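Trainee: Need the 3D shape of this:
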Amino acid sequence: MLPRAQRLTSTLDFSRVVRHGARFSSPRLVLHIASPIPASTETAESPARFGFVVSKLVGSAPRRNRVRRQLREIARSTSGAISGDVVIRALPAAADATWEQLTADVALCLGKFHDARL
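Mentor: Numbers count the residues shown, from 1 in each chain. Prediction:
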């Protein structure tokens with residue numbers, strides 16, 4: 001489980017990231033990234049915050065939960081490589097994906113993000 005400081009919890013945050021953030025896609029997921037809203041009280045760089053969207057198109061509830069758990073763990077392990085707010089939306093192809101495929105897809109999207117920033 002991600003710590004609360006690293007989770008997107010409000011609908012407004014999700015909407016802001018999806019509507020105004022940059023979008024990068026792979027065969028099994030879409031990654032939306034937006035800069036965090038600056039907080040005047042925080043002086044240190046805040047950690048990345050993640051949100052997940054896994055719709056019913058992905059499959060039954062156990063299958064969706066498995067995909068969500070895998071994405072959550074991948075996000076936890078890559079949280080140091082990125083700053084900002086991130087929403088990971090699983091596509092239906094993610095239902096049959098292996099751990100390695102999902103990890104490669106997240107890495108591909110993050111690579112596209114870093115290339116776009118240069």
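
Trainee: CA only for contacts and neighbour counts going forward, please
Mentor: Fine.

Trainee: low pLDDT regions in this protein?
Mentor: Across the chain, the ranges flagged by pLDDT under 70 are 38-45, 118.

Trainee: the strands in it, which residues?
Mentor: 22-25, 29-34, 49-54, 85-90 (DSSP state E).

Trainee: Within its sheet, name the partner strands of the second one and how each one runs.
Mentor: Within its sheet, strand 29-34 is paired with strand 22-25 (antiparallel), strand 85-90 (antiparallel), according to DSSP bridges.

Trainee: With mean neighbour count and distance to residue 33 as extra columns, can I get these in a markdown table?
Mentor: Shown next, in a markdown table, are those (neighbours: other Cα atoms under 10 Å; distance: least, Cα to Cα, whole Å):
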| stretch | mean neighbour count | distance to residue 33 |
| --- | --- | --- |
| strand 22-25 | 18 | 5 |
| strand 85-90 | 25 | 5 |
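
Trainee: can you put the ones you listed in TSV and add distance to residue 76?
Mentor: Shown next, in TSV, are the strands paired with strand 29-34 (distance: least, Cα to Cα, whole Å):
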stretch	distance to residue 76
strand 22-25	19
strand 85-90	12
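
Trainee: nearest to residue 46, of those?
Mentor: Closest approach to residue 46 among the strands paired with strand 29-34 (Cα to Cα): strand 85-90, 10.1 Å.

Trainee: quick one, that closest one and strand 49-54 angle?
Mentor: Relative orientation of strand 85-90 versus strand 49-54 (axes from the mean of the first three to the mean of the last three Cα atoms, to 10 degrees): 20 degrees.

Trainee: Please put the alpha-carbon coordinates of strand 85-90 into CSV.
Mentor: The C-alpha coordinates for strand 85-90 follow below in CSV (Å, rounded to 0.1, in the frame of the first residue of the first chain):
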residue,chain,number,x,y,z
ASP,A,85,0.8,13.8,-9.7
VAL,A,86,0.3,10.6,-11.8
VAL,A,87,-2.8,8.8,-12.8
ILE,A,88,-2.3,5.3,-14.3
ARG,A,89,-5.3,4.1,-16.3
ALA,A,90,-5.4,0.4,-17.1
